[in-house]
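S.K.: Please work out how this folds:
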Amino acid sequence: MARIGYVAPYFMPLMCSSKPWIKIILFVNVLGLFGLAYGLAHQLLISQYDDQSMFKPNGQDYFRASLLGFFSPFALYFLRDFLLMLSPRAILINLFVDFPFNDWFCLLIIFCLAYPQLQAARITGTIDETIWHIIPKQSAVFGISWSLCELLICLVQNLHRYEEVPSPESAKRNMETQVLQEEQGLVRNNITLSKCIDVKRKASLISENVYSHEDPPHSQMTTSNPDEESTDTVFVSFNDSSISLLRDSEQGNTGSRPRSRDRHPGLFNGSVIYFPEIVSKRVFIKELLVFNLLVIDSILLLVGNAFIISMYFIYVPGHDWLFSPAVRYFGSRTFGFFILRAILPLSTLSFVMSVFLFVWNDTGTDSSDSLHKANSDLHIHSSQPQSLQYISSDQLFVMNSIYTQDLLTTDDDNEILILRVFRKIMSFWRSVSNHRSFPIVGLTIWSTIMFSLGTFGAIQQ
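M.R.: Next comes the predicted model:
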């Protein structure tokens, strides 16, 4: 998945909201964020050096940088999911592909982007055709386009994995609409005499208001266990003896209940993440701020990586006063030196930080239990929408991560000092990772550091 996909549970409930006004605001918000990013890159970064013998990119060069940045993540996604067919359960392998391998793939694309450009100045012989060169502004456009593509990939991968649970008020309105449709004969046409007789026969054996059964040959009477799946749902009202039988295909997009779980491919265990409906502006603003923060973090992280990876190609011999010390240091040396001293440490740090943020979490059991309980409750509510009650977001929230077993045993007084320190570090690591906001805070700090390093390393201050 894309890098931002590892924090998708924090903003996908907002993206999957059924309210049209939320979708419109989010669309405008995304356009504003990336428009602001492109605008700042255009205003703050120079378009050309004040030297006639230096490379001066034109509109075509920036367009090519944006295209390479936008379509390259699609190629990487095709490689990992269709050619390699990596299993989502192989979390460490996926992290390796999505972070360090991603950095090396980005190096390959920037290597192609830095190929000598055609310039009118070559006619006068003022530009050396053997110099592979780009400027930081091209790297910034490249990183922003890469971030936009990763966000789109994340949305496409996760839209079908999240299901909204209507609030009691929404469920009541949907139920009233459904009853009105029944009175108008839109649903009663599907009711036959044999179905009515069968329901009345079962009504004498079951004391619930809602009954479920499956079609033959798997037909069996529903017990009180809410975890059993059903294909037909029968609503019986003992106040007016009205009966309605609805199939999944007959209900349409009424929004009265979530869709069946087995219709969706899962995250790691085939489950769908249910989330409560957004009913207040305060909750919407809070989730919108979190979404904006994560998108900004993604832009800063990828732009910072692009700056660091392109430092070697920014340098042009004989014009040292135009470049930062880091660009002069790496650019004046061999490409192999740049790989060993810059790219290899960068990819290693990316993998270590991804493991630190998205693997170590000690709440896997609780989250699994919460999801199981939530799905059981939602199975009941799906057959009786008017009884829907709020379920806390913490109960329904499932981190898109893997939860490791406890590696920290009891301290041994006889163990060496380095092992004791290591255990304390692991214990602290796991304790802070228990907080739900840990990946958000960690990703924000990490992206800020990488963007700062890339900016000061690639741009002459």
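
S.K.: Give me the residue ranges of the stretch 201-350 of the chain where confidence is low.
M.R.: The model of the stretch 201-350 of the chain has pLDDT under 70 over residues 202-270.

S.K.: now the helices for it?
M.R.: 248-251, 281-309, 311-314, 325-331, 335-338, 344-358 (DSSP state H, counting those that start in this stretch).

S.K.: hmm, who's touching the last one?
M.R.: By Cβ atoms under 8 Å, 6 or more residues apart in numbering, the surrounding residues in contact with helix 344-358 are 6, 91-92, 95-96, 98-104, 305, 308-309, 400-401, 429, 438-439, 442-443, 446. C-beta here means a position set from N, CA and C on the backbone, and glycine is covered the same way.

S.K.: So which bits of it are buried?
M.R.: In terms of neighbour count (16 or more other Cβ atoms under 10 Å), helix 344-358 has its buried residues at Leu346, Ser347, Leu349, Ser350, Phe351, Met353, Ser354, Leu357, Phe358.

S.K.: and the last one, how far is that from Phe11?
M.R.: Looking back up the chat, that one is Phe358. Using Cβ to Cβ, to the nearest Å, Phe358 is found at 15 Å from Phe11.

S.K.: Please apply the same query to the second one.
M.R.: Between Ser347 and Phe11 the computed distance is 27 Å (Cβ to Cβ).

S.K.: same check, this time on the first one
M.R.: Taken as Cβ to Cβ, the spacing of Leu346 relative to Phe11 amounts to 27 Å.

S.K.: Over to the third one?
M.R.: When distances are taken as Cβ to Cβ, Leu349 and Phe11 turn out to be 25 Å apart.

S.K.: what's near enough to touch Pro439?
M.R.: Tyr6, Val7, Tyr10, Leu357, Phe358, Met399.

S.K.: list the contacts for the third one?
M.R.: Contacts for Tyr10 were tallied using Cβ under 8 Å, 6+ apart; they are Val290, Phe291, Leu294, Pro439, Ile440.

S.K.: check contacts around the closest residue to the second one other than its chain neighbours.
M.R.: Residue nearest to Phe291 in three dimensions, not counting chain neighbours: Phe11, with 4.0 Å by Cβ to Cβ, 6 or more residues apart in numbering. With contact set as Cβ under 8 Å, 6+ apart, Phe11 has these partners: Glu287, Val290, Phe291, Leu294.

S.K.: which element is the nearest residue to Ile299 once chain neighbours are set aside on?
M.R.: Nearest in space to Ile299, with sequence neighbours left out and distances taken as Cβ to Cβ, 6+ apart, is Ser147 at 4.6 Å. Assignment of secondary structure by DSSP states H and E places Ser147 within helix 136-158.

S.K.: neighbours around the nearest residue to Asp297 once chain neighbours are set aside, how many?
M.R.: Leaving out its chain neighbours, the residue that sits closest to Asp297 by Cβ to Cβ, 6+ apart is Ser447, at 4.2 Å. Around Ser447 there are 23 other residues, counting by other Cβ atoms under 10 Å.

S.K.: what mean pLDDT does the helix or strand containing Ser447 have?
M.R.: Using DSSP H and E, Ser447 maps to helix 438-458. Helix 438-458 carries an average pLDDT of 94.

S.K.: and the angle from that helix to helix 281-309?
M.R.: Relative orientation of helix 438-458 versus helix 281-309 (axes from the mean of the first three to the mean of the last three Cα atoms, to 10 degrees): 40 degrees.

S.K.: What is the nearest of the contacts of Tyr10 to Leu155?
M.R.: Phe291 (11.4 Å; Cβ to Cβ).

S.K.: Now do the contacts for Gly457.
M.R.: Neighbour list for Gly457: Phe307, Ile308, Met311, Ser324, Ala326, Val327 [criterion: Cβ under 8 Å, 6+ apart].

S.K.: Where do the strands of this protein begin and end?
M.R.: Remark: strands assigned in the chain by DSSP state E are 162-165, 210-213, 232-237, 242-247, 273-276.

S.K.: would you turn the contacts of Phe11 into JSON lines with distance to Leu108?
M.R.: Converted to JSON lines, the contacts of Phe11 look like this (distance: Cβ to Cβ, whole Å):
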{"residue": "Glu287", "distance to Leu108": "37"}
{"residue": "Val290", "distance to Leu108": "33"}
{"residue": "Phe291", "distance to Leu108": "31"}
{"residue": "Leu294", "distance to Leu108": "27"}
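
S.K.: Out of these, the closest to Ile134 would be?
M.R.: Looking across the contacts of Phe11 and measuring by Cβ to Cβ, the closest to Ile134 is Leu294, at 28.2 Å.

S.K.: which ones are touching the residue nearest to that closest one when sequence neighbours are not counted?
M.R.: Excluding its sequence neighbours, the residue lying closest to Leu294 (Cβ to Cβ, 6+ apart) is Val7, at 5.4 Å. Contact analysis of Val7 by Cβ under 8 Å, 6+ apart lists Leu294, Asn400, Pro439, Ile440, Leu443.

S.K.: ok, now how distant is Val7 from Arg436?
M.R.: For Val7, the distance to Arg436 equals 11 Å [Cβ to Cβ].

S.K.: and the closest residue to Tyr49 other than its chain neighbours, how many residues sit next to it?
M.R.: Nearest residue to Tyr49, sequence neighbours excluded (Cβ to Cβ, 6+ apart): Leu322, at 5.4 Å. Residues within reach of Leu322, counting by other Cβ under 10 Å, total 18.

S.K.: Ok, Trp21 next?
M.R.: 9.

S.K.: pLDDT score assigned to it?
M.R.: Looking at Trp21, the pLDDT reads 92.

S.K.: repeat for Pro168
M.R.: Model confidence at Pro168 (pLDDT) stands at 73.

S.K.: Any idea how many residues pack against it?
M.R.: Neighbour number of Pro168 under other Cβ under 10 Å is 16.

S.K.: now swap in His319 and tell me
M.R.: 13.

S.K.: was I right about it contacting Tyr49?
M.R.: Yes: if you go by Cβ atoms under 8 Å, His319 and Tyr49 touch, sitting 7.5 Å apart.
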